[in-house]
Structures are given as structure tokens and as C-alpha cells.
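**Student:** Take a look and give me a structure for this.
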Amino acid sequence: MGQNLYESSELARELFAIANGILGFDIKKIMFEGTEEDLRKTFVTQPAIYLHSVVAAMVHELESGAQMAAGHSLGEFSALAVAGAISFEDGLKLVAIRANAMQTACNMQESTMAAILGLEDEAVEEICQSVGEVVVPANYNTIGQLVISGSKSGIAKAIELAQQKGARRAIELSVNGAFHSPLMEPARQQLAEGIEQCHFSDARIPVYQNVTARPHCDKNEIKENLLKQLTSPVRWTQTIQNMIADGATEFVEVGPGKVLRGLVKKIDRKIPVSGVE
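**Tutor:** Below you'll find the predicted structure:
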């Protein structure tokens with residue numbers, strides 16, 4: 001993971017060295033030589049994805065050509081770093097805090113998430129409100145695909161209700177926590193301490209943040225939205241729609257995988273989408 005970047009770029013090697021120093025362990029070794037099990041450990045996964053994404057963007061000098069940016073959940077930290085709202089170093093520190101805080105919150109209460117496909121967003125929102133437990137929309141991923149988040153029993157009830165309403169699929173996800181829900185409040189508080197110590201700058205380009213799906217350059221607005229992110233839904237569908245409405249004519253996904261490319265194409269099939277890994 002990221003080895004080609006490392007071997008082909010002096011800048012990438014510098015950033016990997018900085019990351020090892022900040023994290024206190026050899027993330028490069030895990031990314032290049034570790035097992036999938038090693039890479040999936042919470043304290044490794046989030047920093048690894050952030051590191052890969054930001055290094056890829058900087059090596060390919062995407063920050064000089066991009067006119068706007070956005071990131072899905074964890075990816076928002078990469079987008080903010082590329083846009084100059086936070087430094088590479090501060091972004092990595094925050095991501096490390098976030099990963100550990102989320103794991104701690106997951107251990108405090110049994111919770112989970114589920115993907116609901118084939119229903120209108122409003123129908124899924126009504127289901128969440130009718131369950132009677134903590135169940136909320138977490139990820140508005142694309143049209144007809146909404147991920148919900150909450151207590152184990154609440155999610156089970158919501159899945160049953162979604163199936164009764166005619167959902168094409170309603171399946172529990174293989175996660176160990178209710179991300180982007182009120183159950184992440186302990187993690188939000190821990191991350192907030194790190195955010196308060198972080199230096200923010202006005203972004204060079206607008207960053208469409210998860211909480212609002214709107215463009216932000218002002219450092220105070222960016223900070224405020226980031227403080228809310230862990231307990232608020234990721235409004236990805238609305239983000240992409242707003243970026244297109246504001247003039248986006250092409251999207252480039254930066255980092256590992258092709259998930260966002262697929263989501264964007266489902267939101268608007270006419271928009272060209274490519275990737276840099």
C-alpha cells in the first residue's frame with residue numbers, strides 16, 4: 001500500500017518518515033509488508049489511508065490544479081490537508097486520535113451500522129425515527145443508498161422495517177460501532193481536545209464538508225464543522241450534487257480503492273471520474 005509512491009518520490013519518502021515519527025511506530029513497514037490483519041487494526045487503518053491519500057495528492061501536485069475538494073468521513077481530513085486548512089502533520093495527529101477514540105467509544109456500547117438500498121432517503125429517515133432507540137442516518141452515500149447507525153437491537157428493528165417497506169437490500173455491515181451517530185459522543189469529545197490544539201488556516205480552495213455538504217474556506221467554519229463530524233451524518237450525495245451545481249466538471253478520487261468513483265457515477269453518470277492511487 002503506497003509502495004510505488006514511496007519508491008518513485010523523494011517527497012513521499014519524507015512524508016512517510018515524518019509519519020513514522022508522529023505515530024511512534026513503523027507504519028511504512030506495515031503498509032508495505034504487513035498482513036491484511038495488521039493493516040485492519042484501527043490504530044493503523046485510518047492513519048494509513050490518510051497518509052496514502054495525502055501523499056498521492058501531493059506527489060501528483062493535485063493541490064495546484066484542484067478547484068474544490070471533499071472527503072468522505074475520514075477522507076475529509078485528507079481533503080483539508082490538501083486544501084491547506086491543516087498541515088500534513090496536524091492532520092495525521094488528529095486522525096490517530098480519531099482512530100483510538102472511535103475504538104474506545106465502540107468498546108463502551110454494542111452498536112453497529114446497516115446499509116439500506118432501494119428506498120428514498122425520507123423513507124429511511126422515517127424508519128430511524130420510528131424505531132424508538134438510537135438509530136440515525138449516518139452516510140448519505142448515493143441516491144437510493146443510505147447507511148444507518150445505532151444500537152444493535154435498534155438496527156435489527158430498522159432492517160426489518162426497511163424490508164417491510166420494500167427495500168432492495170437491508171443488511172448489517174461488518175463494523176464494530178455506530179459511526180456518525182450520537183453513540184460516538186465520547187470519541188467526539190476526545191477528538192475535540194485535539195482539534196482545539198490544532199492550527200487551522202483558511203483553505204486555498206473550497207472544501208465541501210460532510211456536516212453541511214457546502215463549501216467552506218473560513219478556518220473557523222472548517223474547525224466548527226470538523227468538531228461536529230463524528231456525531232453527524234456524512235452528506236455525500238448532497239456534497240457531490242452541490243459541487244456539480246457549483247461548476248465541477250470532473251472528479252478525481254485520490255487514495256486506495258474505487259468506492260467514491262462508483263458513488264459519484266451513481267449520483268451523476270455524465271460526470272467524468274478518474275483515480276490516483
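**Student:** alpha carbons only for contacts and neighbour counts from here, please
**Tutor:** Will do.
**Student:** Return the residues in contact with residue 65.
**Tutor:** Applying Cα atoms under 8 Å, 6 or more residues apart in numbering to residue 65 gives no contacts.
**Student:** so how far is residue 82 from it?
**Tutor:** As judged by Cα to Cα, to the nearest Å, residue 65 and residue 82 stand 11 Å apart.
**Student:** now swap in residue 76 and tell me
**Tutor:** 10 Å.
**Student:** Looking only at neighbour counts, state which of those two leads.
**Tutor:** residue 82 (29 against 22; other Cα atoms under 10 Å).
**Student:** Show me the residue sitting in the middle of this structure in space.
**Tutor:** residue 73 (1.8 Å; Cα atoms, centre = their mean).
**Student:** Quick check: next helix or strand after the one helix or strand in the chain whose mean pLDDT sits lowest?
**Tutor:** Counting by mean pLDDT, DSSP states H and E, the chain has its least confident helix or strand at helix 36-39, which shows a mean of 89. Per DSSP states H and E, the first helix or strand lying C-terminal to helix 36-39 is helix 42-59.
**Student:** Can you give the strand pairings for the next helix or strand along the chain from that next one, parallel or anti for each?
**Tutor:** Remark: after helix 42-59, the chain's next helix or strand is strand 69-70, criterion DSSP H and E. Using DSSP bridges, the strands paired with strand 69-70 are strand 207-208 (parallel).
**Student:** List the pairing partners of the next helix or strand after the strand it pairs with within its sheet, with orientation.
**Tutor:** Next helix or strand after strand 207-208 toward the C-terminus (DSSP H and E): strand 215-216. Its sheet considered, strand 215-216 pairs with strand 207-208 (antiparallel) by DSSP bridges.
**Student:** which outside residues touch the strand it pairs with?
**Tutor:** 68-71, 79-80, 83, 214-217, 239, 243.
**Student:** Save those residues as a markdown table, and put in pLDDT and neighbour count too.
**Tutor:** Below are the contacts of strand 207-208 laid out as a markdown table (pLDDT from 0 to 100; neighbours: other Cα atoms under 10 Å):
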| residue | pLDDT | neighbour count |
| --- | --- | --- |
| 68 | 97 | 21 |
| 69 | 97 | 22 |
| 70 | 98 | 26 |
| 71 | 97 | 21 |
| 79 | 97 | 30 |
| 80 | 98 | 31 |
| 83 | 96 | 26 |
| 214 | 98 | 17 |
| 215 | 98 | 21 |
| 216 | 98 | 20 |
| 217 | 98 | 19 |
| 239 | 98 | 25 |
| 243 | 98 | 21 |
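**Student:** Next, format those residues as TSV and append distance to residue 274.
**Tutor:** Formatted as TSV, the entries for those read as follows, by distance: Cα to Cα, whole Å:
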residue	distance to residue 274
68	15
69	14
70	15
71	15
79	17
80	20
83	19
214	23
215	22
216	24
217	25
239	18
243	16
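**Student:** Nearest to residue 38 among the residues you listed?
**Tutor:** residue 71 (24.5 Å; Cα to Cα).
**Student:** So the closest one sits against residue 81, correct?
**Tutor:** No - in this structure residue 71 lies outside contact range of residue 81 using Cα atoms under 8 Å: 10.7 Å.
**Student:** what residues are up against the residue nearest to the centre of the chain?
**Tutor:** Contacts of residue 73 (Cα under 8 Å, 6+ apart): 210, 229, 234.
**Student:** That one and residue 235, how far apart?
**Tutor:** According to Cα to Cα, residue 73 stands 9 Å off from residue 235.
**Student:** Give the intersection of the neighbour lists for these two.
**Tutor:** Residues touching both residue 73 and residue 235 (Cα under 8 Å, 6+ apart) are residue 210.
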